[in-house]
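Enquirer: What follows is a protein structure lacking sequence information:
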Ligand code: AMP
């Protein structure tokens, strides 16, 4: 029996792989414009990092982590998200003491969650995101949302809904948690087992429960907005006013609480339903946190960040035909050698063309010339270079323009010059 991929993982091949590169490059360029620099934390971390960072009350820590003992009996976890690892990286490398604040970074790479695979939901998927750490202000929250909005606009994703809410400061959240506990205590015996542990660990998580009967109970629960302190209200209103100034559209959603325990104050999510009607879930999400750096042994510093799911961005762009046509980088020149000696010459001709930045491929298989032309067409090549024994003897090649079908012989020492002229004429 042949071995297949692990459930919930997927192979990224061909056009999809080119699309991922396009998306990731665009996101990197925009992060660069906003003065964020890249960090690459390891994929594996001590499990304790996520238990302390993401929080014991989160679904991620309770049931979705890929955790194992390594050969030294250490508990290791494949990262289920980036933020905790980046805070560890920042604290361990003392980056807040040695950089201007906020310290602004972006990241991109695979994350792992043992979830039930379904549309838009994998067990290994890719996230692209940012963190700005060491400044606790509504302005930096707004810069982060602006960055995300710029990314979505550059991808031509119009009609994204930005949902935003505040979880308030500690005072507000503690009062709200108490109110939730008092409310849910009345219904707990009718609720799912998960909600029982959520009730103990973090009653805010009950608001995210997907069980339909529990959702009905959640509908009657107290609302965060009624428990906000004056300071928390003022901060949130300033975020909204700044977004208005920048003409960034949003919807306040007072049911939005986010699934990770570290968030406080501003939280937000990005939704887009493709024209096909496919709803892959949130395409991105993020928020502000103020305890995480300290929790992981660092100074008292707040941060804000967001993360996009690259698979979900790809799916909506693909569904709505928003991927540029030229992401596939077609071969420009296809070399067709006829025989052993021609193949040797093809290798050196290809090297010269590649050194001059022409995307070049060679037909290595001994097939008929007609078949080689079909391959050139399939690859989207503009020119074919044909090399037979005659050409080897005369140290020349035949160049065929595959659009005009004109062909001519060309001495090897004039090859690049001729191709460059032909490409110019072609444009
Ligand atoms: P989170 O870290 O849960 O806030 O997720 C951030 C983003 O990652 C989401 O908005 C999705 O776009 C993406 N995402 C989360 N979970 C999955 C998953 N299981 N499969 C694919 N993408 C996901």
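Expert: The structure has been received and is ready for your questions. Quick caveat: nothing in here was measured; it's all calculated off a predicted structure.
Enquirer: so how far is residue 382 from the residue in the chain positioned nearest to the ligand?
Expert: In the chain, the residue that lies nearest the ligand is residue 309 (2.4 Å; Cβ to the nearest ligand atom). (Each C-beta comes from the backbone N, C-alpha and C, glycine too.) Distance of residue 309 to residue 382, computed by Cβ to Cβ, to the nearest Å: 36 Å.
Enquirer: Tell me which of these two has more neighbours.
Expert: More neighbours surround residue 309 than the other of residue 309 and residue 382, with 24 against 20 (other Cβ atoms under 10 Å).
Enquirer: The more buried one is in contact with residue 272, isn't it?
Expert: No: in this structure residue 309 lies outside contact range of residue 272 using Cβ atoms under 8 Å: 11.4 Å.
Enquirer: any shared contact partners between these two?
Expert: Residues touching both residue 309 and residue 272 by Cβ atoms under 8 Å, 6 or more residues apart in numbering: residue 283.
Enquirer: what does this protein put close to the ligand?
Expert: 81, 113, 115, 120-122, 125, 127, 259, 282-285, 307-309, 311-312 (Cβ under 6 Å from any ligand atom).
Enquirer: wait, what's in contact with the nearest residue to residue 68 once chain neighbours are set aside?
Expert: Nearest residue to residue 68, sequence neighbours excluded (Cβ to Cβ, 6 or more residues apart in numbering): residue 76, at 6.0 Å. Neighbouring residues of residue 76 by Cβ under 8 Å, 6+ apart: 44, 45, 46, 47, 67, 68, 69, 70.
Enquirer: Check residue 106 too.
Expert: Counting by Cβ under 8 Å, 6+ apart, residue 106 has contacts 27, 28, 31, 36, 37, 38, 39, 128, 129, 130, 131.
Enquirer: Now, these that are in helices?
Expert: In helices, defined here by DSSP state H, the members of the contacts of residue 106 are 27, 28, 31.
Enquirer: quick one: the second one and residue 108 touch, right?
Expert: Yes: in this structure residue 28 lies within contact range of residue 108 using Cβ under 8 Å: 7.5 Å.
Enquirer: between those two, who's got more neighbours?
Expert: residue 108 (21 against 15).
Enquirer: Would you verify that the more buried one is located in a helix?
Expert: No: secondary structure assignment (DSSP: H, G, I helix; E, B strand; the rest coil) places residue 108 in strand, not in a helix.
Enquirer: Pull the number of nearby residues for the closest residue to it other than its chain neighbours.
Expert: Once flanking residues are discounted, residue 108 sits nearest to residue 128: 4.5 Å by Cβ to Cβ, 6+ apart. Residues lying near residue 128 (other Cβ under 10 Å) number 24.
Enquirer: so residue 128 touches residue 24, yeah?
Expert: Yes: Residue 128 is within contact range of residue 24, at 6.3 Å (criterion: Cβ under 8 Å).
Enquirer: who touches both of those two?
Expert: Joint contacts of residue 128 and residue 24 (Cβ under 8 Å, 6+ apart) are 108, 310.
Enquirer: The contacts of residue 76 in strands, which ones?
Expert: 44, 45, 46, 67, 68, 69 (DSSP state E).
Enquirer: Now pLDDT too, for these, in CSV please.
Expert: Output for these, formatted as CSV (pLDDT from 0 to 100):
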residue, pLDDT
44, 98
45, 98
46, 98
67, 98
68, 97
69, 98
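Enquirer: which one of the residues you listed sits closest to residue 251?
Expert: Of all these, residue 45 has the smallest distance to residue 251: 35.0 Å, by Cβ to Cβ.
Enquirer: Now for the closest one: which residues touch it?
Expert: Applying Cβ under 8 Å, 6+ apart, the residues near residue 45 are 76, 77, 79, 84, 85, 88.
Enquirer: so what's it bridging to?
Expert: residue 77 (DSSP bridges).
Enquirer: now do the same end-to-end measure for stretch 3-20.
Expert: 26 Å (Cα to Cα, to the nearest Å).
Enquirer: Sorry, slip of the keys, the one I care about is stretch 297-315.
Expert: So stretch 297-315: terminal residues 39 Å apart, Cα to Cα.
Enquirer: just stretch 379-389 next, same as before
Expert: First residue to last in stretch 379-389 (Cα to Cα) measures 25 Å.
Enquirer: which parts of that stretch are buried?
Expert: Residues of stretch 379-389 classed as buried by neighbour count (16 or more other Cβ atoms under 10 Å): 379, 381, 382, 383, 384, 385, 386, 387, 388.
Enquirer: In helices, which of the residues you listed appear?
Expert: residue 379.
Enquirer: Kindly reformat the buried residues of stretch 379-389 as CSV containing distance to residue 337.
Expert: CSV is the format used below for the buried residues of stretch 379-389 (distance: Cβ to Cβ, whole Å):
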residue, distance to residue 337
379, 16
381, 15
382, 19
383, 15
384, 11
385, 9
386, 8
387, 5
388, 8
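Enquirer: List buried residues within the contacts of residue 106.
Expert: Members of these classed as buried by 16+ other Cβ under 10 Å are 27, 31, 36, 39, 128, 129, 130, 131.
Enquirer: Now distance to residue 424 and pLDDT too, for the residues you listed, in a markdown table please.
Expert: Shown next, in a markdown table, are the buried ones among the contacts of residue 106 (distance: Cβ to Cβ, whole Å; pLDDT from 0 to 100):
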| residue | distance to residue 424 | pLDDT |
| --- | --- | --- |
| 27 | 33 | 98 |
| 31 | 35 | 98 |
| 36 | 38 | 98 |
| 39 | 42 | 98 |
| 128 | 37 | 98 |
| 129 | 42 | 98 |
| 130 | 41 | 98 |
| 131 | 46 | 98 |
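Enquirer: Which of those residues lies at the shortest distance from residue 52?
Expert: Using Cβ to Cβ, the buried ones among the contacts of residue 106 come closest to residue 52 at residue 131, 17.0 Å.
Enquirer: quick one: contacts for the closest one?
Expert: 82, 83, 86, 87, 104, 105, 106, 107, 303, 304, 305.
Enquirer: Now for residue 252, how many residues are close by?
Expert: For residue 252, using other Cβ under 10 Å, the count is 12.
Enquirer: which residue packs closest to it, ignoring adjacent ones?
Expert: In space, residue 252 is closest to residue 164, 5.8 Å off (Cβ to Cβ, 6+ apart).
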